[in-house]
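>>> Predicted model and sequence below, questions to follow.
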Amino acid sequence: MKTRINAIGREVPLDVRGVGEFVPYESPFGRIDTFASRSVTHARLRVAERGQNKVTDSLEGAIRKSGLEDGMTISFHHHLRNGDAVIPMVLEKLKEMGFRNLTFAPSSIPDSHDCVADYIECGLIGRLYTSGVRGKLGRLISSGRAGIPVVIRSHGGRARAIEEGTISIDVAFLAAPTCDSLGNISGSTGPSACGSLGYAITDATYAAHVIAITDNLVDPPIKGRVSIPQYRVDQIVRVASLGDPQKIATGAARITRNPSDLKIAENAFRLMKASGIIAPGFSFQMGAGGASLAVSVYLEEYMKKKGIVGSFGLGGISGHMSRMQREGLFKAIFDVQSFDAAVTESMSENPGHVEIDSSWYANPFNSGCLVHNLDCVILAALDVDINFNVNVLVGNDGALRGASGGHCDTAAGARLSIVALPSFRGGVCSIKDSVRNVTTPGETVDAIVTERGILINPLRKDLLESAEFTKLPVIDIHDLKRRIEKMTGRQDPRDSVNGDIVAVVEYRDGSLIDCVRQVEDL
Amino acid sequence: MKFHHKIRTEVSLLTIVAASAGTLESSDCLVTVVPAEVDGIRYEGANRAIFLNRTEKIAREIMERYPIENASIRIQDQGALEVTLRARIETAVERALEGARQ
Amino acid sequence: MKREERDGKRRLCRSMLYIPGDSPGMIQNAEVFGADSILLDLEDSIAESAKDSARKMVRSFLSGFDFGGLFVTVRVNSPDTAYFERDLREIVPCRPDAIRVPKCGTPADIMAAKALIAKIEQDSGIPEGSVKIHAMIETAIGVENAYLIASASERVSALTIGGQDLTADMFARKTREGWELFYARSRIVMAARAAGIMAFDTVWADINDSEGLFSETKQIVELGFDGKAAIHPSQIEVIHKAFRPDAREAARARRIVEAAERALREGKGVISVDGRMVDAPVVARAERLVEIASLYEYEEDNTL
């Protein structure tokens, strides 16, 4: 395999067997800025018989009718989170029908779906494109036992890949919380309501064949918001249940009481304030993690007190963010993925709550994605390194255990990108000499905020000055690393011999930023 | 793996009794010392991949300070800091010795 | 404000958080809780069966952990227990900022502890007097001997009241307002001030009643205490809030300190503020208030 060292010093392959050629990562916007225009693939136009009945109770029948063949590409969305029963249901049926060597290209894989590992081992899945991999599946891939090509993409990167045709979806199996008999789909109503169907919208637009799978088939017209219109849906399969509603619409996340997380949140908020970014027209994205949510509590209080009205909240939307919008602190929220049940309700009732697709959210290769209009994002991480590179994919043992998500998209787009994480976790220092895997390049990370101090990227001298001017607890990343390693001890040196490449990690522009290597004893 | 006992000549070696210290709560570790025919250290937990050598070194250093042999030590690490590991290992060993003296 | 800047002549200890000595998960977060100081406990929060492991844990943290400049006190078991001496032998060589000695009733108790600590300091080659004593008063006899205890040794740098045991020893009934401790608190502050040392108040036991904690803390601030112990991290913020001087009070204190500095510069013996003369004790109190107020500077333009 031919490899090359990319701009951040990572060895990446120039081609991946069974997938195609890749270019090495150069810079956050280099490739994007050189594309004045680009061609977008066209979905094969579908003409349905007039008056055709799209509804069937037979998943098998629908699959046959879709024209799916061995080696083709199937897609799913992960909006039902850990409550999803559609991915296992469809994969089991495909296995039963004897399919082989399919390219499995979901928007991501919920943590609970260890079963995907079995479908790789039995030969049903021959290629895997996803945002994230965890658990048993992560160990299978990292150990090298999966033996199939794996490409990890960010949400924006996946939208780009679908639009440009790199991912060419043959059949999209879309869990539809509500679907009318014409094929109009809504994510925000029904027993399996999940809110936004942002990732599925992109799939429905570009897939050659779309099968909606629903447990809530209604007579037309569908009430409320239409996530995916009927003209993109070829067939509708009626099933008893899409999954476990308890795990689909989780209760609103509680504000953390963990003192370390609270301190991180306080520091992150103070940095946002010092940067001067919290002003009228402010736009903001936060993650679902404990510290992130707590930041928004500080933010809410501050915006209220100062009478600041922001422009929009973006991204995965939490109940807290949607409340801030209802209270008038943000004019709108653009929701590509809803985090909890409170959001689902807001989406069906609130005109300021806008459902967006993944291209609108984060695709770098279009005429403007929202992450490029973002003022500030708070991001999580597994660990970081002294060059501010961020790893959200690979655990300390080398196994895949995370998702790329919108991490590198928002870090690149936002004017202020803050990575919030504890300085040590589970007895291990979070600041490495070099992270095991780079998801997000350090040059797009403005600051790392921990409970024991704020680390500012030396590239952001302006930010460093404002932070020091307001007496924030700024500390050099090397100093904090030394301090923490005195407590945790230094990690055993890693074997210098690199394992085989078991997965490649795309940057949002399609270049390879890193790859994941085989680890023997998992 | 063998422990070296510098003080072996001065203090008669004691046969230890099984003892443990610590918990399986996060940021802690559970250390168990049992009599064994062969001395040994078993380090378990999520941090094994990165802290195996470090932990064995710490455990050996501590064991060498005590007049024991034929002890097997098991460390179940729940993300303990070095200071915590040290405290738990020392407590477990001292309890094992204390039990032997009685 | 950075810790070093606060470490000046007398460290401000508005809040002192008790952390059980056998809880590494909490101890490693000590710096993050936001307390001005922490009390690593070997006494009441530790079961008999865990005395040895807690002692080991505290010792290990003191000798190998970076507390980020926190003021660290260790509460040892009381002198009438078999643990007292073992606690001191293991802990003193690690040089905590102070040892909190429970159940001090007479100056003799201090002398005994002092002798033992001095011996251990000597044996382990650390300068004599390194480790201070915070004497806990939690008996009627202790209250009545407060000044004698406070002034028994240079080593005693604070008196602290142990409310629960004292209430029992008095045969008093505990009230939410805490008036049964009014005399003892007043006496202890007075004794501490007379001896030139600090005075710390007891814990507020109901962690769900932060209103009660706030009003009690307000009360002990008014009595003159330097700080109050906390048994839960959530109490720290409440205690700090109660210690915050109001804006007018802080402004006046600043004017007094400025006037005093001006008088010193200009060699004047008389200090006058707002048309009134002020004396040395007023200046001293004002300096302390200004120092406390400075801890809240950041919060002034903030919603935090």
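The structure has been received and is ready for your questions. Nothing here was measured: the structure is a model prediction, and the numbers come from that model.
>>> Every contact and neighbour count from this point should use C-alpha atoms.
Will do.
>>> What separation do you get for the residue lying farthest from the centre of chain C and chain B?
Relative to the centre of chain C, and counting by Cα atoms, centre = their mean, the farthest-placed residue is C:Glu266 at 36.9 Å. Using Cα to the nearest Cα, to the nearest Å, C:Glu266 is found at 55 Å from chain B.
>>> List the residues that contact that residue.
Taking Cα atoms under 8 Å, 6 or more residues apart in numbering or on different chains, we find C:Glu266 in contact with no residue.
>>> Just give the number of residues close to A:Pro88.
When neighbours are counted by other Cα atoms under 10 Å in any protein chain shown, A:Pro88 registers 15.
>>> for the chain, which spans come out with low pLDDT?
In the absence of a named chain, chain A is used. A:36, A:43-45, A:252, A:496-497 (pLDDT under 70).
>>> Chain C is the one I meant
For chain C, applying pLDDT under 70 flags the ranges C:1-10, C:298-304.
>>> try 80
C:1-11, C:269, C:297-304 (pLDDT under 80).
>>> and the longest helix for it?
Using DSSP state H, we find that the single longest helix of chain C is helix C:247-265.
>>> for chain B, what are the nearby residues on chain C?
Within chain C, the residues that sit near chain B (Cα under 8 Å from any Cα of the partner chain) are C:Pro24, C:Gly25, C:Asp52, C:Ser53, C:Lys56, C:Met57, C:Arg59, C:Ser60, C:Phe61, C:Gly64, C:Phe65.
>>> same check, this time on chain A
Near chain B, when you scan chain A using Cα under 8 Å from any Cα, you find A:396-397, A:425-428, A:487-494.
>>> just curious, which of the residues of chain C next to chain B is nearest to chain A?
Ranked by distance to chain A (Cα to the nearest Cα), the residues of chain C next to chain B are led by C:Phe65 at 6.0 Å.
>>> wait, what's in contact with the closest one?
Shown in contact with C:Phe65 (Cα under 8 Å, 6+ apart): A:Lys486, A:Met487, B:Val83.
>>> The residues you listed: which ones sit near chain C?
Within those, those near chain C by Cα under 8 Å from any Cα are A:Lys486, A:Met487, B:Val83.
>>> Was I right to think the second one contacts B:Ala80?
No: A:Met487 lies out of contact with B:Ala80 (Cα atoms under 8 Å); the separation is 9.8 Å.
>>> okay, these two: which has more neighbours?
The residue with more neighbours, out of A:Met487 and B:Ala80, is B:Ala80; 28 against 22, by other Cα under 10 Å.
>>> still on that earlier bit, narrow the residues of chain A next to chain B to those in helices?
A:Met487, A:Thr488.
>>> who wins for neighbours among the residues of chain A next to chain B?
Neighbour-wise, the residues of chain A next to chain B (other Cα under 10 Å) top out at A:Gly427, 27 neighbours.
>>> Quickly note the distance from it to B:Lys57.
As judged by Cα to Cα, to the nearest Å, A:Gly427 and B:Lys57 stand 17 Å apart.
>>> Could you do A:Ile418 as well?
37 Å.
>>> Just read off the phi/psi values of the most centrally placed residue in chain A.
Central residue check for chain A by Cα atoms, centre = their mean: the C-alpha nearest the mean position is that of A:Gly405, 1.9 Å away. Main-chain dihedrals, A:Gly405, degrees, to the nearest 10: phi 50, psi -140.
>>> Confirm for me that it is in contact with A:His155.
Yes: under the criterion of Cα under 8 Å, A:Gly405 makes contact with A:His155 at 5.4 Å.
>>> Overlap of the contact sets of these two?
A:Ser131.
>>> now the strands: where do they sit in chain B?
B:19-22, B:29-35, B:40-44, B:71-77 (DSSP state E).
>>> So for chain A, which of these sits nearest?
Nearest of these (Cα to the nearest Cα): strand B:71-77, 9.1 Å.
>>> average pLDDT for the closest one?
The average pLDDT within strand B:71-77 is 95.
>>> Parallel or antiparallel, which strands does it pair with?
Strand pairing for strand B:71-77, using DSSP bridges, gives strand B:29-35 (antiparallel), strand B:40-44 (parallel).
>>> which parts of the stretch 1-150 of chain C sit against chain A?
Residues of the stretch 1-150 of chain C lying near chain A by Cα under 8 Å from any Cα: C:Met1, C:Asn29, C:Val32, C:Phe33, C:Gly64, C:Phe65, C:Asp66.
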